[in-house]
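K.L.:
The sequence isn't on hand, but the structure is:
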């Protein structure tokens, strides 16, 4: 194969002093929180919510509910194409890495990498390609080979030596459940992940992640209002410790309460049969300022940016690489 892709990783702490770098994806949820007049209060309140949630779930040997604190790093992944002009590293994805500080033992415990998932190519796929494909359509379908390139790029990154040098376990990504599907509660219950839900049909996001080599299970953790979708490649229950899983739940449950309060900060919890809705009215707002409308507009802008600076200029190289990369 004439062109090989290489990956580089940069990381920045997500704390109350975090300021998004100029080249970060501004549709990234945590970047949205770190802008405007309320930025520091937003960040401080978000981090406090995460710690409180973590300690509520990790309640054993934790009588005062303050034993643990969660540290977050934003991991930015850039990709270079050998054979393309040098110095042209392309921003690919951003994920979050958690680590846990045990204040009782002064131990720092590695958490999970993944959690939040932001991707330039996914912005292009959903906000440009899919939008144009469905514009004049009766019924719904996806473009041919939808998500194939993105899935292969993600798998190439996770299988790369760069990933393995930085992270000891495969990623787990935790997202909102789909408002177009119905989820049914099962009898299966995990002490940390909570009650498992299943649905009769995968969502478009589920299918998209399948092309990234990831399966999905849905769990509603204790004292949550709705199930979360967990995307993983190995054994979600067997490969990760309870503290690792709690680091993901506490982080992403907090973010979802801010971004989708109609679902995750609802005043009543999901029942046996559950269809999420962003039109639900019985919910509480957090004290954290977030502009959902702005974010959806920015996704389209950034999708166009990807088309112009990545998809079109490197189309031949990408098609040749994708054709040779195993599914």
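P.N.:
Cool, got the structure. Nothing here was measured: the structure is a model prediction, and the numbers come from that model.

K.L.:
quick one: contacts of the helix or strand hosting residue 209?
P.N.:
Element membership for residue 209, per DSSP states H and E: helix 204-210. Contacts of helix 204-210 with the rest of the structure, by Cβ atoms under 8 Å, 6 or more residues apart in numbering, involve 122, 125, 142, 146-147, 150-151, 173, 175, 178, 202, 216, 229, 231. C-betas here are computed from N, CA, C, even on glycine.

K.L.:
gap between that helix and the chain center?
P.N.:
Helix 204-210 sits 13 Å away from the centroid of its parent chain (Cα atoms, centre = their mean, to the nearest Å).

K.L.:
what do you get for stretch 179-191?
P.N.:
With Cα atoms, centre = their mean, you get 20 Å for stretch 179-191.

K.L.:
Can you list the buried residues in it?
P.N.:
The neighbour-count check on stretch 179-191 (16 or more other Cβ atoms under 10 Å) flags 181, 183, 185, 190 as buried.

K.L.:
Could you list which residues are in contact with the residue lying closest to residue 45 once chain neighbours are set aside?
P.N.:
In space, and not counting its chain neighbours, residue 45 is closest to residue 288: 5.4 Å by Cβ to Cβ, 6 or more residues apart in numbering. By Cβ under 8 Å, 6+ apart, the residues touching residue 288 are 33, 38, 42, 45, 46, 258.

K.L.:
what's the burial count for the second one?
P.N.:
Per other Cβ atoms under 10 Å, the neighbour tally for residue 38 reads 15.

K.L.:
Mind checking which of the contacts of residue 288 land in helices?
P.N.:
33, 42, 45, 46, 258 (DSSP state H).

K.L.:
want to throw those into TSV with pLDDT?
P.N.:
TSV is the format used below for those (pLDDT from 0 to 100):
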residue	pLDDT
33	67
42	83
45	90
46	91
258	89
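
K.L.:
Sort out which one of these lies nearest residue 266 for me.
P.N.:
Nearest to residue 266 among the ones in helices among the contacts of residue 288 is residue 258, at 13.7 Å by Cβ to Cβ.

K.L.:
So that closest one sits against residue 284, correct?
P.N.:
No: the pair residue 258 / residue 284 is not scored as a contact, 11.6 Å apart, by Cβ atoms under 8 Å.
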